[in-house]
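Visitor: Task: produce atomic coordinates for the following.
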Amino acid sequence: MRPMFFGSSASPLFGIFEAPADKVAKGHGVVLCPPVAQEHVRTHSLMRLVSAALVRAGYHTLRFDWFGVGDSAGSYEQATLTRWNDDVVQASTELRDLSGVRKVSLFGVRVGATIALRAARQIKATHVIALDAVLDGVAHVLSQRAIHTEALASSKRYWQRSATPRGVDRELVGFRVSDEFLAELRNIRRDALLDLTSIRVTLLESSSRQEARAYLDTLTGAGVSTSFGEVELTSSWDLAAAVEERVLSANLPASVVSSLSPLGAL
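Guide: Numbers count the residues shown, from 1 in each chain. Next comes the predicted model:
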């Protein structure tokens, strides 16, 4: 395990590179794209467990913090989806340089999965594995604002109401964001995530979402190689009561590894 900073010296990204044992190593690496805001905090352990499973199976991995998130440079209010798309490109280049792998795949969660789908063609990804990808940005923003508003009104969190209630226009579950970021988030649509020819796509879902099935059908109809899997999570994304719970899964790490296995190794 190698903690490090990479990318631009003016705004470095924090990442952790892990290499498998030589006897099981494949010529294949995986960049892990985490969710953002409160979901990033809730899934830290989940991303670590997925990375560990991939390394045991012979894959090189790089998990990292987006610009403005965690230990990377910047702040949430400076971040945009466009900048995060560039972060995936940088992370993929870094993984190739560190490991020498010829194949790079992406595993992403929620908004991280959406960014992975958007960036996949640019980095010539072999495979994208997307867990509960955000496919409708308007619905996602509405859900996050509902959670934010309910959490603020909870007497279990705040025993005394503020004299000047905090607005939610530029704040999503406790994280301040820019107008540009919100506009980009609202513009996420599944019909804009179709440029994936020659890339294998696996959608992993923790609930039965009609939009995910419709998106998969559209990709398949466009000639994209697709697969679908169901996973169980220990907590919900969309409940204010669960906003401080860790999100874990007993079967997700194995599901990610098995999704990659049909590709074989070099």
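
Visitor: switch to C-alpha atoms for all contacts and neighbour counts from now on
Guide: Noted.

Visitor: So which residues of this protein form helices?
Guide: Per DSSP state H, the chain carries helices over the ranges 37-42, 44-56, 81-99, 111-119, 137-153, 179-186, 210-221, 252-260.

Visitor: what packs against the fourth one?
Guide: Here helix 111-119 touches strand 28-33, helix 81-99, strand 103-109, strand 127-131, going by 3 or more C-alpha pairs under 8 Å, 6 or more residues apart in numbering; DSSP states H and E.

Visitor: And the longest one, by the same measure?
Guide: Here helix 81-99 touches strand 28-33, strand 60-64, helix 111-119, helix 179-186, going by 3+ C-alpha pairs under 8 Å, 6+ apart.

Visitor: Dead centre of the chain: give me the residue that sits there.
Guide: In the chain, the centroid-proximal residue (C-alpha atoms, centre = their mean) is Gly112; its distance is 2.3 Å.

Visitor: is it true that it touches Val31?
Guide: No: using C-alpha atoms under 8 Å as the test, Gly112 is too far from Val31 to be in contact (10.9 Å).

Visitor: in stretch 80-94, what's buried?
Guide: By neighbour count with 16 or more other C-alpha atoms under 10 Å, stretch 80-94 contains the buried residues Thr80, Leu81, Trp84, Asn85, Asp86, Asp87, Val88, Val89, Gln90, Ala91, Ser92, Glu94.

Visitor: do stretch 222-230 as well
Guide: Neighbour-count burial for stretch 222-230 flags Val224, Ser225, Thr226, Glu230 (criterion: 16+ other C-alpha under 10 Å).

Visitor: got the phi/psi numbers for the residue nearest to Asn251 when sequence neighbours are not counted?
Guide: Spatially, and ignoring its direct neighbours in sequence, Asn251 is nearest to Val231 (6.2 Å; C-alpha to C-alpha, 6 or more residues apart in numbering). The phi and psi torsions at Val231 (degrees, to the nearest 10) take the values phi -130, psi 160.
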